[in-house]
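S.K.: what follows is a predicted structure for the sequence shown.
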Number of protein chains: 2
Amino acid sequence: MSNLDIVFESIIHFALKDPRQTGLGRSIVKNGIYLIAELGFEEMNFKKLGKAIGSPEASIYRYFENKHKYLLYIMAMYWGIIDQHCEKIIQSNKSHEEKLSSILDLLCTSPDISYGSEKIPGDVIYAIVIGESVKTFMTKHVDTDNTHGAFRTLKSTTSHIAQLLSEYSPDYPFPKALASTIIEMSLYHRYFSEHLPSMTDIGKEQSIVDDLKQWIIGLLRATRITNGEESQNFRISL
Amino acid sequence: MSNLDIVFESIIHFALKDPRQTGLGRSIVKNGIYLIAELGFEEMNFKKLGKAIGSPEASIYRYFENKHKYLLYIMAMYWGIIDQHCEKIIQSNKSHEEKLSSILDLLCTSPDISYGSEKIPGDVIYAIVIGESVKTFMTKHVDTDNTHGAFRTLKSTTSHIAQLLSEYSPDYPFPKALASTIIEMSLYHRYFSEHLPSMTDIGKEQSIVDDLKQWIIGLLRATRITNGEESQNFRISL
DNA sequence: TGTTTTTGATAGTAATACTATCAAGTTATT
DNA sequence: AATAACTTGATAGTATTACTATCAAAAACA
């Protein structure tokens, strides 16, 4: 059983039966991702998805209890795969800076995903992660979703990155906050650069990915300053 | 006409008629905010709001074309008021650091809002800003909403803060990105500390507001490093 | 006082997010 | 090859939501 299989195992319970095991199931997941990328999550529904794959709405409900769990499944899968990549990077014997750089590449451009026999291009899944990932946890039922493990893979990714940041800057008191900020902001600023460009500087001078990396690396370096009068200590009073 | 009146003027067009001018209108806005705080935006609807204020659903539709525009109205109002406060802080003759500190206080704890004859407590409106603000712009129709001015007040707040950051750290190349990050992350980390605490360090040691301020101030200080070999220049290659 | 505007009360519609049912097809078992 | 078990297709139906339409009563205003 490969590492990725373990990821898929861990998200099965968001579905009623494992979509990866059947052609219909794989089609539901793959085409749904395309459809969400095209229409957005709100405007996508199982009727439209059914039409896209030539199956009735009811068949989709045999795989997913509801639309929200369907989104949870996709996002948990995504962060699970990213988390695997993170682990691999962290286990490599590179410098902390090289590891951080690789992780930033990972956060700013998604890898392709192989889902059973189907391939989902990185830019398609990344598009929906950018626009819909927040919608998994900004709900009134976060807490129950959380106890059901919906955000385990996202949280694991966060804590892997936080762990690395802690090693990189042992005295920095906010490694988790910085890790989650990096994750969320890599998505946000790409969204901003496309839709609300006055909210960001990213994507103007260089390519979006280069700018994003530069920006985040600047934040990371900031955690390293342990000498100089202004920053002997990280607890600062303005 | 006061500065706040100008804010309210600028958001009228999200409503069908100015809610601030009538008792019913004010009741719709105030009680709606309470109801969203209680139920969340998705679970709130105009029927429930009608029940809460003792008026039929249809009466609310005379003030707001739809639910989304109602949210846009509230959020544009909120950021308009915050923007006014920002301007006042920026126009004061304090040091840059004092100004930034005041702005952080503003972003981490909302002021009360006086809406016509009604008062809306800061913590109530802040609760819905934390949970629902993203939902105004993470939609498939951002771009049209944007051209209709839906995010003008939010963008104005961002650029005021970015401007201040530019003065504070003239060489820092990402003032807008940092400004919007500070705004969004002040909301996010408060949300995380309540619902996904493993995603943040905020709210553990000190009070949430103190931790948030400390964290953001750390990021800000990072923009100031203009000497030392590691950071002669902000363009960094890892 | 008469007129205009605002509200209440009620009814109705299209779309969405599902659920139920049953026959047809497919797969697994012996 | 026959039968049982399971999966899918086809269709119909329900409750809720997000609105729209209408008309009379009430309130505001001139």
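M.R.: On my side now, so go ahead.
S.K.: use CA for all of it now, contacts and neighbours both
M.R.: OK.
S.K.: quick one: mean pLDDT over the host helix or strand of residue A:156.
M.R.: Taking DSSP states H and E as the definition, one finds residue A:156 inside helix A:152-168. Mean pLDDT, computed over helix A:152-168, is 96.
S.K.: angle of the helix or strand that comes right after that helix against helix A:152-168?
M.R.: Remark: after helix A:152-168, the chain's next helix or strand is helix A:175-195, criterion DSSP H and E. Relative orientation of helix A:175-195 versus helix A:152-168 (axes from the mean of the first three to the mean of the last three Cα atoms, to 10 degrees): 110 degrees.
S.K.: check which helices and strands helix A:175-195 sits against.
M.R.: helix A:96-108, helix A:122-132, helix A:152-168, helix A:208-222, helix B:175-195 (3 or more Cα pairs under 8 Å, 6 or more residues apart in numbering or on different chains; DSSP states H and E).
S.K.: worst mean pLDDT among these?
M.R.: helix A:208-222 (a mean of 79).
S.K.: is DNA strand C contacted by the helix or strand residue A:38 falls within?
M.R.: Using DSSP H and E, residue A:38 falls within helix A:23-39. No: counting by Cα under 7 Å from any atom of the strand, no contacts exist between helix A:23-39 and DNA strand C, the nearest distance being 9.4 Å.
S.K.: pLDDT averaged over that helix - what is it?
M.R.: For helix A:23-39, the mean confidence score works out to 98.
S.K.: give the next helix or strand downstream of it.
M.R.: Immediately after helix A:23-39, counting by DSSP H and E, sits helix A:46-53.
S.K.: now the helices and strands packed on helix A:175-195 as TSV including mean neighbour count and distance to DNA strand D?
M.R.: TSV is the format used below for the helices and strands packed on helix A:175-195 (neighbours: other Cα atoms under 10 Å in any protein chain shown; distance: least, Cα to the nearest atom of the strand, whole Å):
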stretch	mean neighbour count	distance to DNA strand D
helix A:96-108	19	33
helix A:122-132	19	18
helix A:152-168	21	27
helix A:208-222	21	35
helix B:175-195	22	23
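S.K.: and these: which comes nearest residue B:209?
M.R.: Smallest distance to residue B:209 across those (Cα to Cα): 8.6 Å, for helix B:175-195.
S.K.: just the angle between the closest one and helix A:208-222, please?
M.R.: Using the same axes, to 10 degrees: helix B:175-195 against helix A:208-222 is 70 degrees.
S.K.: taking helix B:122-132 as reference, get the angle to helix B:175-195.
M.R.: Going by the same axes, to 10 degrees, helix B:175-195 makes 100 degrees with helix B:122-132.
S.K.: dump helix B:175-195 to CSV, restricted to CA.
M.R.: Output of helix B:175-195 as CSV, limited to C-alpha atoms (Å, rounded to 0.1, in the frame of the first residue of the first chain):
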residue,chain,number,x,y,z
PRO,B,175,3.1,46.8,1.2
LYS,B,176,-0.3,46.0,-0.3
ALA,B,177,0.1,42.2,0.1
LEU,B,178,1.1,42.7,3.7
ALA,B,179,-1.7,45.1,4.4
SER,B,180,-4.4,42.7,3.0
THR,B,181,-2.7,39.8,4.8
ILE,B,182,-2.9,41.7,8.1
ILE,B,183,-6.5,42.4,7.6
GLU,B,184,-7.5,39.0,6.6
MET,B,185,-5.3,37.2,9.1
SER,B,186,-6.5,39.2,12.0
LEU,B,187,-9.9,37.7,11.2
TYR,B,188,-8.7,34.2,10.3
HIS,B,189,-6.6,33.6,13.4
ARG,B,190,-9.3,34.6,15.6
TYR,B,191,-11.5,32.1,13.8
PHE,B,192,-8.8,29.5,14.0
SER,B,193,-8.2,30.0,17.7
GLU,B,194,-11.9,29.2,18.3
HIS,B,195,-12.5,26.4,15.8
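S.K.: quick one: contacts of it?
M.R.: For helix B:175-195, contacts defined as Cα atoms under 8 Å, 6 or more residues apart in numbering or on different chains pick out A:142-143, A:177, A:181, A:185, A:189, A:198-202, B:107-108, B:129-131, B:158-159, B:161-163, B:165-166, B:198-203, B:208, B:212, B:216.
S.K.: DNA strand C contacts on chain A?
M.R.: A:42, A:43, A:44, A:45, A:46, A:57, A:58, A:61, A:65, A:66, A:67, A:68.
S.K.: list the contacts for the second one?
M.R.: Taking Cα under 8 Å, 6+ apart as the definition of contact, the neighbours of residue A:43 are residue A:36.
S.K.: pLDDT score for it?
M.R.: For residue A:43, pLDDT reads 97.
S.K.: separation between it and DNA strand D?
M.R.: Distance, residue A:43 to DNA strand D, by Cα to the nearest atom of the strand, to the nearest Å: 12 Å.
S.K.: just the element for the residue nearest the centre of chain A, please.
M.R.: Using Cα atoms, centre = their mean, the residue of chain A that lies closest to the mean C-alpha position is residue A:79, 4.6 Å off. Assigned by DSSP H and E, residue A:79 belongs to helix A:67-91.
S.K.: give the other helices and strands that that helix contacts.
M.R.: Using 3+ Cα pairs under 8 Å, 6+ apart, helix A:67-91 is in contact with helix A:3-11, helix A:96-108, helix A:134-137, helix A:152-168.
S.K.: out of these, which comes closest to residue B:170?
M.R.: helix A:96-108 (25.9 Å).
S.K.: quick check, the residue in chain A closest to DNA strand C?
M.R.: Of all residues in chain A, the one sitting closest to DNA strand C is residue A:66 (3.8 Å; Cα to the nearest atom of the strand).
S.K.: just give me the neighbour total for that residue.
M.R.: 16 (other Cα atoms under 10 Å in any protein chain shown).
S.K.: next, give phi and psi for it.
M.R.: Phi and psi for residue A:66, reported as degrees, to the nearest 10, are phi -160, psi 180.
S.K.: so who does it touch?
M.R.: Per Cα under 8 Å, 6+ apart, neighbours of residue A:66: none.
S.K.: picking that back up, for the residues of chain A next to DNA strand C, which one is nearest residue A:35?
M.R.: residue A:44 (6.6 Å).
S.K.: that closest one is in contact with residue A:36, isn't it?
M.R.: Yes: assessed by Cα atoms under 8 Å, residue A:44 is found in contact with residue A:36 at 5.9 Å.
S.K.: ok, these two, which is more surrounded?
M.R.: Legend: neighbour count by other Cα under 10 Å for residue A:44 and residue A:36, higher for residue A:36 (22 against 17).
S.K.: ok, now how distant is the more buried one from residue A:187?
M.R.: For residue A:36, the distance to residue A:187 (Cα to Cα, to the nearest Å) stands at 17 Å.
S.K.: just residue A:181 next, same as before
M.R.: Taken as Cα to Cα, the span from residue A:181 to residue A:187 is 10 Å.
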